[in-house]
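Enquirer: heads up, no residue letters with this:
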């Protein structure tokens, strides 16, 4: 299961369409206050963040995930415009595991969703 912290409709549709075609379970969280609870509940194999989202506060969420002993091992991936070098640096500082340019994210979406990241079980 992949948890997506994404509020951009275009990317939500792209992710949903790819996940459905690949048979991957996807859950979208569109409330910043619920991201940690959802991650704890679902124990996803990957958490995808739209680093450009203002409403979802992705950098804060990544920091909180990585600071939580029960959640810090969950793999995280953020996507952002390649020209936003400050956001990329901030995401890395927050502890995101991987940052991709938006175009690379779309190109690699199939392999991103199906990559075995050693999903955790409780």
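Expert: Sure thing, it's come through. Bear in mind the structure is a predicted one, so any value in this text is a computation, not a measurement.

Enquirer: ok, the spatially most central residue of the chain - contacts?
Expert: Centrality entry for the chain: nearest residue to the mean C-alpha point is residue 48, 1.1 Å, by C-alpha atoms, centre = their mean. By C-beta atoms under 8 Å, 6 or more residues apart in numbering, residue 48 lies in contact with 2-6, 15, 76-79, 112. To be clear about C-beta, it is placed using only N, CA and C from the backbone, and glycine gets the same treatment.

Enquirer: tell me the secondary structure at it.
Expert: Secondary structure for residue 48, judged by DSSP: H, G, I helix; E, B strand; the rest coil, is strand.

Enquirer: and it, what pLDDT?
Expert: We note a pLDDT of 98 for residue 48 in this prediction.

Enquirer: ok, now the one 4 residues further on?
Expert: If you check residue 52, the pLDDT there is 93.

Enquirer: cool, and the one 10 residues further on?
Expert: Confidence per residue is given as pLDDT, and for residue 62 that number is 96.

Enquirer: how about it, nearest residue that isn't a chain neighbour?
Expert: Spatially, and ignoring its direct neighbours in sequence, residue 62 is nearest to residue 94 (4.2 Å; C-beta to C-beta, 6 or more residues apart in numbering).

Enquirer: so how far is residue 17 from that neighbour?
Expert: Per C-beta to C-beta, to the nearest Å, residue 94 is found 29 Å from residue 17.

Enquirer: just to check, the residue nearest to residue 62 is in contact with residue 65?
Expert: No: the pair residue 94 / residue 65 is not scored as a contact, 9.0 Å apart, by C-beta atoms under 8 Å.

Enquirer: no further queries at this time; thank you.
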